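1. My questions concern the predicted model and sequence given below.
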Amino acid sequence: MNRDLFTLALHADDALAELPDVAPPLRPSTTFEFEEDGRTYRRMSHETTERLEAVLGALEGGHAVAYPSGMAAVAGVLRQIRPRRIALPEDVYHGVAAFVRTEAERGSWQEVSVDELGPGDVWWVETPSNPKCLITDLEATARNAAARRVTTVADATFATPILQDTLGAGIDYVVHATTKFIAGHSDAMGGIAVTATAEPAAALREARTLDGAIPGTLESWLTLRGVRTLPLRVLRQSESAARIASFLAEAGLPVWYPGLSTHPGHNIALRQMREFGGVLSFEVDSAQRAAAVVARLEVFTSATSLGGVESLAEHRQRSDPGAPPGLIRISVGLESADSLIGDLRTALDQ
Ligand code: PLP
């Protein structure tokens, strides 16, 4: 990855600034006085959303279209591609599985295995996956899919554009829940879809205008402010997560973190990721013990979601009934790794 991600996060939208303000202005107007070639209405376009798309497109190395949530980006992409068949990976965000299966029941498409995919179908990838951080080989998937004229979509929410060059690996569509690391402060929902060439992004944008699925001004503004520090945050979160994963593994617990040599995707992750991310999962003996451990944590907050500056721990079965009973997912924030390890040690020792 040769792009200067630190500088792009700060300046990729400079040319789109309409005022001399150093910080992007917060302009809530939904309509604009008619001018030759000017903006007309908020559902079509807005400075802040376009600036956010410019930054995320530059970081990902493609053309970005913003949505009001990660799931809206997922739905926008799949409805645009309109595949006859979709294959999901073994471990996938439960909301994506619910969307794909609900639409399958309504006859929109069929869920099949990867081997059954043919031209025009969708091979859905999520790497690292939620919650087990399983790794998919992006280059191998893109090559295999291209040979069969299958369209690839990768959810790279856990990796962000900082840790993984998903489009560079040959994937057709990348989606992120910007609600997570990209906005980074647990205060703005959003999603983004990114394509290598301009044409599919333009088609997504046109459909988004018809659907009315453009993100709001405040959310775009908060996400733009958050993304300025994305590279710094993600690198520190990865460093702390690696230390926490080692601590938990040394305590004898099964740990799901691609930075550990015991993780099934470690060798692929070494090749395709710059660091291994700020999310990991580990397992204790039972659902009761998992609930008790999470309840005893004091620095971590017991909550779902991930990618924010504050550390969260979740007994995953509360949100995802398909998760292993004793699985605890943690999202590492910006507190010191020492205080987070100390918190886990105390909660596990009791
Ligand atoms: N993709 C992944 C990997 C997620 O973890 C999530 C949310 O947790 C989503 C997509 C959906 O994002 P949102 O909650 O912003 O709709």
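-> Yep, that arrived.
2. which one is the closest residue to the ligand within the stretch 51-200 of the chain nearest to, not counting chain neighbours?
-> Closest residue of the stretch 51-200 of the chain to the ligand, CB to the nearest ligand atom: residue 70 (2.3 Å). (C-beta placed from N, C-alpha, C; glycine too.) Nearest residue to residue 70, sequence neighbours excluded (CB to CB, 6 or more residues apart in numbering): residue 177, at 2.5 Å.
3. So for the residue of the stretch 51-200 of the chain closest to the ligand, what's the pLDDT?
-> Note for residue 70: predicted pLDDT of 98.
4. returning to what we had before: what sits against the residue nearest to residue 70?
-> Residue 177 makes contact with 69-71, 73, 155, 157, 190-191, according to CB atoms under 8 Å, 6 or more residues apart in numbering.
5. can you put those residues in JSON lines and add neighbour count?
-> Output for these, formatted as JSON lines (neighbours: other CB atoms under 10 Å):
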{"residue": "69", "neighbour count": "18"}
{"residue": "70", "neighbour count": "24"}
{"residue": "71", "neighbour count": "19"}
{"residue": "73", "neighbour count": "31"}
{"residue": "155", "neighbour count": "28"}
{"residue": "157", "neighbour count": "29"}
{"residue": "190", "neighbour count": "28"}
{"residue": "191", "neighbour count": "29"}
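6. Please list the residues of the chain that sit near the ligand.
-> 69-71, 93, 95, 126, 130, 155, 157, 177, 179, 189, 191 (CB under 6 Å from any ligand atom).
7. And the residues you listed, which two are furthest apart?
-> Using CB to CB, those span at most 18.8 Å, a distance reached by 126 and 189.
8. Looking at those two, which one has more neighbours?
-> Applying other CB atoms under 10 Å to residue 126 and residue 189 shows that residue 126 carries more neighbours, namely 24 against 21.
9. and that one, bridged to which residues?
-> residue 155 (DSSP bridges).
10. So it versus residue 215, what's the distance?
-> Counting by CB to CB, to the nearest Å, the gap between residue 126 and residue 215 amounts to 22 Å.
11. Strands along the stretch 251-350 of the chain, start to end?
-> 255-256, 279-283, 301-302, 312-315, 327-331 (DSSP state E, counting those that start in this stretch).
12. could you dump those to a markdown table with distance to residue 108?
-> Output for the strands of the stretch 251-350 of the chain, formatted as a markdown table (distance: least, CB to CB, whole Å):
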| stretch | distance to residue 108 |
| --- | --- |
| strand 255-256 | 32 |
| strand 279-283 | 30 |
| strand 301-302 | 36 |
| strand 312-315 | 30 |
| strand 327-331 | 30 |
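13. Tabulate those strands in a markdown table, adding columns for mean pLDDT and mean neighbour count.
-> Formatted as a markdown table, the strands of the stretch 251-350 of the chain follow (pLDDT from 0 to 100; neighbours: other CB atoms under 10 Å):
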| stretch | mean pLDDT | mean neighbour count |
| --- | --- | --- |
| strand 255-256 | 98 | 24 |
| strand 279-283 | 98 | 25 |
| strand 301-302 | 98 | 16 |
| strand 312-315 | 98 | 24 |
| strand 327-331 | 98 | 25 |
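14. Residue 183: which of those strands is closest?
-> The nearest among the strands of the stretch 251-350 of the chain, by CB to CB, is strand 327-331 at 13.4 Å.
15. farthest residue from the center of this protein?
-> Relative to the centre of the chain, and counting by CA atoms, centre = their mean, the farthest-placed residue is residue 36 at 38.1 Å.
16. Against the ligand, how distant is that residue?
-> 37 Å (CB to the nearest ligand atom, to the nearest Å).
17. And the pLDDT for that residue?
-> 93.
18. about what we covered before: farthest pair in the contacts of residue 177?
-> Counting by CB to CB, the most remote pair of these is 155 and 190, 14.2 Å apart.
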